[in-house]
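In: sharing a model prediction with you, sequence too.
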Protein chains: 2
Amino acid sequence: METKKLTSISTGAFPKSNKVYVPGKLFDIKVPMREISLADFVQADRTIEKNLPVTVYDTSGPYTDPTYNVDLNKGLPQIKNQWILDRGDVEELPEKSSEYGKARLNDASLDAIRFEHHRTKPLKAKEGKVVTQYYYAKQGIITPEMEFVAIRENQRAQEYYLENGYSVDELKDIKFITPEFVRDEIAAGRAILPGNINHPEAEPMIIGRNFLVKINANIGNSPTTSGMEEEVEKAVWAFRWGADTIMDLSTGANIHETREWIIRNSPVPVGTVPLYQALEKVGGDAEKLNWEIYKDTLIEQCEQGVDYFTIHAGILKDLVQTTVNRKTGIVSRGGSIMAKWCMSHDKENFTYTYFEEICKILAQYDVAVSLGDAMRPGSIHDANDRAQFGELETLGELTKIAWKHHVQVIIEGPGHVPMHLIKKNMDEQLRLCHEAPFYTLGPLVTDIAPGYDHITSAIGGSMIAWHGTSMLCYVTPKEHLGLPNKDDVRVGVVTYKLAAHAADLAKGFPGADIRDHAMSKARFEFRWRDQFALSLDPEKAIADHDETLPEEDKKTAHFCSMCGEHFCSMRANYEVREKMDVAPCGKN
Amino acid sequence: METKKLTSISTGAFPKSNKVYVPGKLFDIKVPMREISLADFVQADRTIEKNLPVTVYDTSGPYTDPTYNVDLNKGLPQIKNQWILDRGDVEELPEKSSEYGKARLNDASLDAIRFEHHRTKPLKAKEGKVVTQYYYAKQGIITPEMEFVAIRENQRAQEYYLENGYSVDELKDIKFITPEFVRDEIAAGRAILPGNINHPEAEPMIIGRNFLVKINANIGNSPTTSGMEEEVEKAVWAFRWGADTIMDLSTGANIHETREWIIRNSPVPVGTVPLYQALEKVGGDAEKLNWEIYKDTLIEQCEQGVDYFTIHAGILKDLVQTTVNRKTGIVSRGGSIMAKWCMSHDKENFTYTYFEEICKILAQYDVAVSLGDAMRPGSIHDANDRAQFGELETLGELTKIAWKHHVQVIIEGPGHVPMHLIKKNMDEQLRLCHEAPFYTLGPLVTDIAPGYDHITSAIGGSMIAWHGTSMLCYVTPKEHLGLPNKDDVRVGVVTYKLAAHAADLAKGFPGADIRDHAMSKARFEFRWRDQFALSLDPEKAIADHDETLPEEDKKTAHFCSMCGEHFCSMRANYEVREKMDVAPCGKN
């Protein structure tokens, strides 16, 4: 039987954009970025003002590099493999060590859907070794991954400023990111650099509140819809629009095989909720879950290369009682499964009781733990209640345990929270969880806008990110209504990209405003093509513009259909400035 | 020639919704609201729990009342006419008194597009009388309009609480809106009740930071697109989705006639920027503008029934110089026109020099002034700069002048402002403009998301409204790209409705959370039809849900396609609560 071939995928560069690779200084690394070239501005007297290219953060991986030959059936280049091996602290296992992983591999009926170049001999820490970036950082070590993210976060901002005429002296107060700073933030637990040693295809990225705000896109099939091909394309599509990580939340058939396809083709870290798959393994009956099945699932996924696990270890049996007075009870999928298990067996949550065991496993692969907020409020009514903050306290205890085992930790957060309670949420998280990075779902600032919940949540998301959340989990327009389709994924990702960026601006992240300023200058100079290229979603910007003015000459016209030629305020400035005898556009 | 007939219009009630009319206690008034009926919740043991109907604010006018026979050619009922006449301070003019108004009336070539029942004999204050709600309020008078808005703001919240089992005692600390409070807020200048005596069709509404946050939708044709029929339908469409006011920003042909159609069919206040029409009258050449033409335009529009005018009286000649270092100069249409005029003539802005004259005219019709922010930042770079705050200071001076003439005042605001500068904007506005209501355009919190600027601006809009802005001017997805189409208007209005509502929740407005709680309870009880009906956009909610699960039985299913049957967290709660031996849904 022939191995499954996937061919249809979204590739190609963005308008006016080149993939550039910035080399490291400490290590032999190449950090990919997108460089957007801009047109000159031709003044009325025909003098030409150059507009320098703008470099932006790029999550899209090799898919947007026209020189790269995409082959989904082979997977992406394993860029981190040598760095991992060079540290000398890992060993290749003779075979997969999870029972389930082995069983799936030996099931010939799955050959047709199996990824061909799957990882048969996973890496694992050598006996007695710890292989997490957190551990290295605490030893004072700077890894290639750390230098990679330092370069990546900077987006050549310093170079841009210097080329634009700023002096070194003028820039000395700007805190550009250094590899040392990256190391120190990771060592302090304030940031994580997720990177399973079995996912060497991933381009290093960092999650922490002193870095660019990151966004996650959830993908994955559900029992009612969606197949494998669709999920891989959905993933590549999410990278294209800006997802910094994806979570594969599949709950249907063949999720082991689908996950392999996704990880091997993913340039960004991949997260999962192992409990979902564990539940599938016991036929969907939460009562039948047990530690052995869960543990085997963790190992299975560690060996496939999942970079972080959501684990709902903070929902304790006694806390479940506190949800009775809630408007919407427990709205976390994993949380409700664990609650059912606790109530059925009248026992404590096994991911809590076995948490040290879990950490020991994760440390051997450098899988980060994302402590799930089973008690996140699912309605305005339930925000910041006893259940939510009670669980957060437990997550703080678990953070310390994970750190003791050198495991990288992030904390998941709400949910539905009205604006005036958002800051309190952030402050409590920092206090109770010892500044471990916060990773929130929105929050949604009202319950009454289904169909628009990417927006209700982007409002809360941008606010909480400004206050210190490190990564935002996207919400699509389909939230509360159904499974997102491909277009929903794009809208969700772009919406969260803009929310995250708004927070970067508000936090004054070095160089974050370069793109905004370039956009506004392009607007003022009526460089329409540059405006499109600088947009988070160039295709939509072009389509929206062209809906009323599709003609080629309107791409350089000094007006658009919004106000028309005689009422264009930008255009009027030229005349005003002429009368004032000043150049229409200043240097800045 | 036959009078133009318009027939196609969006009417019909929302799902599960009735139009109800709440009577006044002081006056013979009927305040329209939308009552959403909800299904019972049937518990596992078959006991039935009633869910009381929820009443919501309703801007849609008679168009959503199935008992009302819509006739666009006749216009809406003149509900306020008798109240106005009863005060005995107005007189009917023998004919229109603006030169332009008369000329248009006498031009037979316009008969074909003229609204048939146009206002030939406008009302005006009797000599020596002032007819503004602000003036009445300062006299200690409560008008029917004031009682109307008091009832309207409350949305029967008190009744809802009492019927839901709260005691009078429990409610005593909640500050429900009273007619006295309305009067006092207007008298203090902290709120306006726009209502031109020549627009008796409008349902009274109030704009002030101690009331529900309002939203405005801009409509109007531009020289490049759109005709008259389209604009009237766009207006009715905007009312339907929740616009509290509309601004007619038409700049093309026949705007006098189009405006008549719009006002006669508008149940909400209508605003304009008279400068746009004045500019049309001088052939689009800003230099040719003068006080006489502008003044005649003000009178023309006062007599048609425009409820508020944007007047860019704060852009002073010397201030124009400060825009030279901006990234995007002057982005206000009206502002750039005035700047051109000032520079051409080397004279001070005539709307500034004649501001007292303007106020005297406005006071005779109760047209409110919306002091335009010609210097609003059009980019992140230009936010909170000297030009912006310099103008705001002038607007504060003008506020005092308008108040001296008993004219109601609101202040327009930005624009593009990063999140961390939003509160400062609000605080400065309150300080410099003596707490006159703020009316902002967004603000947009980043420049880089054209195609998604309804979202970038809803983020800033909800934040600034929480901090005290009284009305938000919507931004559509087409902002910066082209003229919005009908679907853009809907998306813009609904997006702003949710942003305004999020601010109401954050401000703790009495009863604002009733709809959220009802929605969340409907979610938890899997009453899908109730969820749709409680949504800000029921049609989209239904369409999004039905995309994957269109079958009728899925409207009561205990899951959706997002997580599927076995992974529905809400559903799991039922089992958890059963094990805990508590009812699945609490009272609250």
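Out: Thanks, I have it.

In: confirm residue A:439 sits in a strand?
Out: Yes. Counting by DSSP: H, G, I helix; E, B strand; the rest coil, residue A:439 is found in a strand.

In: and it, how many residues sit next to it?
Out: Number of residues near residue A:439 (other Cβ atoms under 10 Å in any protein chain shown) recorded here: 27. From N, CA and C alone the C-beta is placed, and that goes for glycine too.

In: contacts only, for it.
Out: A:207, A:216, A:370, A:410-413, A:469-473 (Cβ atoms under 8 Å, 6 or more residues apart in numbering or on different chains).

In: buried subset of these?
Out: For the contacts of residue A:439, a burial check counting by 16 or more other Cβ atoms under 10 Å in any protein chain shown picks out A:207, A:216, A:370, A:410-413, A:469-473.

In: other residues contacting the host helix or strand of residue A:399?
Out: Here residue A:399 sits within helix A:386-404, counting by DSSP states H and E. Residues from elsewhere that reach helix A:386-404 (Cβ under 8 Å, 6+ apart): A:134, A:189, A:313-316, A:319, A:322-323, A:326, A:352, A:355-356, A:359, A:362, A:369, A:371, A:373-377, A:382, A:408-409, A:411, A:414-415, A:428-429, A:432-434, A:436.

In: hang on, the earlier thing: now tabulate the contacts of residue A:439 in a markdown table and tack on pLDDT and distance to residue B:305.
Out: Putting the contacts of residue A:439 into a markdown table (pLDDT from 0 to 100; distance: Cβ to Cβ, whole Å) gives the following:
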| residue | pLDDT | distance to residue B:305 |
| --- | --- | --- |
| A:207 | 98 | 56 |
| A:216 | 98 | 52 |
| A:370 | 98 | 58 |
| A:410 | 98 | 58 |
| A:411 | 98 | 57 |
| A:412 | 98 | 54 |
| A:413 | 97 | 50 |
| A:469 | 98 | 48 |
| A:470 | 98 | 53 |
| A:471 | 98 | 52 |
| A:472 | 98 | 46 |
| A:473 | 98 | 49 |
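
In: show me where the stretch 451-588 of chain A has helices.
Out: A:453-467, A:486-507, A:514-524, A:528-534, A:538-548, A:569-580 (DSSP state H, counting those that start in this stretch).

In: now swap in the stretch 51-200 of chain A and tell me
Out: According to DSSP H, counting those that start in this stretch, the helices that the stretch 51-200 of chain A contains are A:81-86, A:99-105, A:133-138, A:144-154, A:157-163, A:179-187.

In: now do the fourth one against helix A:179-187, angle only.
Out: Think helix A:144-154. For helix A:144-154 against helix A:179-187, the angle by axes from the mean of the first three to the mean of the last three Cα atoms, to 10 degrees is 110 degrees.

In: so, low pLDDT: which residues of chain A?
Out: Scanning chain A for pLDDT under 70 picks out A:1-8, A:221-228, A:582-588.

In: hmm, back to that, extract the CA atoms of the helix holding residue A:399 and return them as CSV.
Out: Extracted C-alpha coordinates of helix A:386-404, given in CSV (Å, rounded to 0.1, in the frame of the first residue of the first chain):
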residue,chain,number,x,y,z
ARG,A,386,-13.3,31.4,44.2
ALA,A,387,-13.0,28.5,41.9
GLN,A,388,-10.8,30.4,39.5
PHE,A,389,-8.5,31.9,42.0
GLY,A,390,-8.4,28.8,44.1
GLU,A,391,-7.1,26.8,41.2
LEU,A,392,-4.6,29.5,40.4
GLU,A,393,-3.1,29.1,43.9
THR,A,394,-2.7,25.4,43.2
LEU,A,395,-1.1,26.2,39.9
GLY,A,396,1.4,28.3,41.7
GLU,A,397,2.4,25.3,44.0
LEU,A,398,2.7,23.1,40.9
THR,A,399,4.9,25.7,39.2
LYS,A,400,7.4,25.3,42.0
ILE,A,401,7.4,21.5,41.7
ALA,A,402,7.9,21.7,38.0
TRP,A,403,10.8,24.1,38.4
LYS,A,404,12.3,21.8,41.0
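
In: could you point out which element follows that helix?
Out: strand A:409-413.

In: and the helix holding residue A:399 with strand A:409-413, angle?
Out: 170 degrees.

In: just the CA atoms of the helix or strand containing residue A:310, as CSV, please.
Out: Per DSSP H and E, residue A:310 falls inside strand A:308-311. Extracted in CSV, the C-alpha atoms of strand A:308-311 (Å, rounded to 0.1, in the frame of the first residue of the first chain):
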residue,chain,number,x,y,z
TYR,A,308,4.2,21.5,25.4
PHE,A,309,1.4,19.7,27.3
THR,A,310,-1.7,21.3,28.8
ILE,A,311,-2.2,19.4,32.1
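
In: report whether it contacts chain B.
Out: No. Strand A:308-311 does not reach chain B (Cβ under 8 Å from any Cβ of the partner chain); its nearest approach is 13.5 Å.

In: elements contacting the helix or strand just after that strand?
Out: Next helix or strand after strand A:308-311 toward the C-terminus (DSSP H and E): helix A:317-320. Applying 3 or more Cβ pairs under 8 Å, 6 or more residues apart in numbering or on different chains; DSSP states H and E, one finds that helix A:317-320 makes contact with helix A:333-345, helix A:386-404.

In: now those helices in JSON lines, with distance to residue A:514 and mean neighbour count?
Out: Formatted as JSON lines, the helices and strands packed on helix A:317-320 follow (distance: least, Cβ to Cβ, whole Å; neighbours: other Cβ atoms under 10 Å in any protein chain shown):
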{"stretch": "helix A:333-345", "distance to residue A:514": "40", "mean neighbour count": "25"}
{"stretch": "helix A:386-404", "distance to residue A:514": "35", "mean neighbour count": "20"}
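
In: how about JSON lines for the ones you listed, with distance to residue A:78 added?
Out: JSON lines is the format used below for the helices and strands packed on helix A:317-320 (distance: least, Cβ to Cβ, whole Å):
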{"stretch": "helix A:333-345", "distance to residue A:78": "31"}
{"stretch": "helix A:386-404", "distance to residue A:78": "27"}
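
In: which bits of the stretch 201-350 of chain A sit near chain B?
Out: Contact residues (Cβ under 8 Å from any Cβ) of the stretch 201-350 of chain A with chain B: A:222-225, A:251-252, A:276, A:279, A:284, A:286, A:320-321, A:323-333, A:335-337, A:339-340, A:343-344.

In: whichever of those end up buried, select them in ChimeraX.
Out: Filtering those down to the buried ones (16+ other Cβ under 10 Å) takes a single ChimeraX command:
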select /A:222,223,224,225,251,252,276,279,286,320,323,324,325,326,327,328,329,330,331,332,333,335,336,337,339,340,343,344
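
In: which of the buried ones among the contacts of residue A:439 lies closest to residue A:49?
Out: Lowest distance from residue A:49 to the buried ones among the contacts of residue A:439 (Cβ to Cβ) belongs to residue A:472, with 37.1 Å.

In: ok, the residue lying closest to the closest one once chain neighbours are set aside - contacts?
Out: Nearest non-adjacent residue to residue A:472, counting by Cβ to Cβ, 6 or more residues apart in numbering or on different chains: residue A:461, 4.5 Å away. Contact partners of residue A:461, counting by Cβ under 8 Å, 6+ apart, are A:440, A:442-443, A:469, A:472, A:475, A:496, A:499-500.

In: swap in residue A:26?
Out: A:142, A:144, A:147, A:179.

In: please repeat the previous calculation with a cut-off of 7 Å.
Out: Under the criterion of Cβ atoms under 7 Å, 6 or more residues apart in numbering or on different chains, the neighbours of residue A:26 are A:142, A:147, A:179.

In: appreciated, that's everything.
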